[in-house]
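Enquirer: Have a look; sequence and predicted model below, questions after that.
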Number of protein chains: 2
Amino acid sequence: MDKTETIKRQVESFSTDFQRKLNIESLGDNILNCAELHASKRGFGLETISPRDQAWVLSRLSIEITEMPNIFNDYQITTWIESIYRLFTNRNFVIHDGNGKVFGYARSIWAMIDRNTREPLELEHLYGDIFSNYLFPEKNCPIKPMARIKPLGDTIPVKEYEVVASDIDYNIHLNSIQYIRHIYDLFSLDYLKEHTLKRIDIAYINETVYGDILDFYKQEIDHNSYVFEVKKHSKEIVVRGLISFC
Amino acid sequence: MDKTETIKRQVESFSTDFQRKLNIESLGDNILNCAELHASKRGFGLETISPRDQAWVLSRLSIEITEMPNIFNDYQITTWIESIYRLFTNRNFVIHDGNGKVFGYARSIWAMIDRNTREPLELEHLYGDIFSNYLFPEKNCPIKPMARIKPLGDTIPVKEYEVVASDIDYNIHLNSIQYIRHIYDLFSLDYLKEHTLKRIDIAYINETVYGDILDFYKQEIDHNSYVFEVKKHSKEIVVRGLISFC
């Protein structure tokens, strides 16, 4: 079987933003749908690992966009595995039109947990043999890996948010892409009319569940580059990342 | 050309709810994507009407579900036009598996507005001739049309919400399906674990824009049936409807 997997999509009207471009939430959902398709066809998707009480947990996600596809445009997402380590695996993505035009790239780092204990599993020990057939380190992903981001110091939250039912996935925690939606929503419509999303890096540090009260923090650290943090009940860090516009 | 149009989808992991069933937001988005596909192939879709400064506005939407498709299931949505009047058109939908199994139905009523004046246009005059080729009143849609819903009296809002950028569509108002998401989110995860969405009826009465403060009201009028209202700045009615669970 091929080392890469590709999904093909059209930008439909109800997956666009106010500028009739693919919205970041739909792109994020489809990046993860593509990862799941790649995994399921190769023996380590949901249908295989769920009965074993195992779950994939997204640890880091970086998406860098040159241009978002427009309404009614076709686009494709291709994914492959770069590497596997004891507890983590690196999976990359390219978002393209199938004819050589690239819209952007993404990098992700995943762990596998035991759904009962919530402890990380020895990924390489469990799935290293299967993975070895599909490792594709020589395929180029030209965007930089996520850099370490220094915690923000004492700052005042810009938004408080209570986790609702539609945020929640089957693991009963806040869905990875919903964080990105909520972070995008920290910016005003006027700002988003003038600026285009260039890159988002997000580190998923702790889980949140239904009803948690989240505080969102953001601080401009460079021109149109913002460090963001989400904390639970004002204390425990949940996610941290960097979002940049141009 | 056929009077009906069908889209085919798979329930992907990132379009499911916490029970791994298709979530109401993805279903709603795809109902409207199907309507747009039907319209665009027949000469009255976005690409035709936008350059004329015309826009479709959803006035009523009713979705009745027998069973939501499960993760990885294939499903289809088929749409057709029931009727056209001076200012409105009725469009129906069936959600099915392509082999005779029905997941649910939907009914919708649409108006067309001038994007500059925001005034309704004489739909039958403008598009009646084209529509006459595709009217399909004899195709059965066995769910009841939306009933008139009496306004709630004086009640206390259950939620206040400020409209954010990801809620906004190209018409720069809150996307029709986002209301449904926010109304669904008025129910607790515990309630949603015990109850299954059966039907939602929603009347879109006034538009809201970025930054509007919305108040959500709900009142149980029958066992597991709730009238809901959304008001802008506590006064002007925005949407009203009925949501029922079983």
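Expert: Sure, I can see it.
Enquirer: Show me the residue at the heart of chain A, geometrically.
Expert: The centroid of chain A falls nearest to A:L61 when counting by Cα atoms, centre = their mean (4.1 Å).
Enquirer: Now name the helix or strand holding it.
Expert: strand A:54-65 (DSSP states H and E).
Enquirer: so how far is A:E207 from the nearest residue to A:D169 once chain neighbours are set aside?
Expert: Closest residue to A:D169 apart from its sequence neighbours, by Cβ to Cβ, 6 or more residues apart in numbering or on different chains: A:N175 at 4.4 Å. Backbone N, C-alpha and C define where each C-beta goes, glycine included. According to Cβ to Cβ, to the nearest Å, A:N175 stands 11 Å off from A:E207.
Enquirer: hang on, the earlier thing: who touches the residue nearest to the centre of chain A in this structure?
Expert: For A:L61, the contacting residues are A:G28, A:I31, A:A106, A:R107, A:S108, A:I109, A:S176, A:I180, A:I200, A:D201, A:I202, A:Y204, by Cβ atoms under 8 Å, 6 or more residues apart in numbering or on different chains.
Enquirer: Please repeat the previous calculation with a cut-off of 10 Å.
Expert: Shown in contact with A:L61 (Cβ atoms under 10 Å, 6 or more residues apart in numbering or on different chains): A:28, A:31-32, A:91, A:93, A:106-110, A:146, A:176-177, A:179-180, A:200-204, A:239, A:241.
Enquirer: Just those: which are in helices?
Expert: If you go by DSSP state H, those have A:G28, A:I31, A:L32, A:S176, A:I177, A:Y179, A:I180 in helices.
Enquirer: what number of residues lie near the closest residue to the last one other than its chain neighbours?
Expert: With sequence-adjacent residues excluded and distances taken as Cβ to Cβ, 6+ apart, A:I180 is closest to A:G28, at 5.4 Å. By the measure other Cβ atoms under 10 Å in any protein chain shown, the count of residues near A:G28 is 24.
Enquirer: wait, A:G28 sits on A:L197?
Expert: No - counting by Cβ atoms under 10 Å, A:G28 sits too far from A:L197 to count as a contact (11.3 Å).
Enquirer: got any residues that touch both of the two?
Expert: A:I63, A:I180, A:Y184.
Enquirer: Now the last one: closest residue in space, sequence neighbours ignored.
Expert: Leaving aside its sequence neighbours, A:Y184 sits nearest to A:I24 (Cβ to Cβ, 6+ apart; 5.6 Å).
Enquirer: now that neighbour: how far from A:Y75?
Expert: 14 Å.
Enquirer: any common contacting residues for these two?
Expert: Common neighbours of A:I24 and A:Y75 (Cβ under 10 Å, 6+ apart) are A:M68.
Enquirer: how distant is stretch A:122-141 from the center of its chain?
Expert: Here the centre of stretch A:122-141 is set off from its chain's centre by 20 Å, with Cα atoms, centre = their mean, to the nearest Å.
Enquirer: How many neighbouring residues does A:T196 have?
Expert: The burial count for A:T196: 15, using other Cβ under 10 Å.
Enquirer: Where do the helices of chain A begin and end?
Expert: According to DSSP H, the helices that chain A contains are A:24-41, A:46-49, A:123-131, A:176-184, A:189-194.
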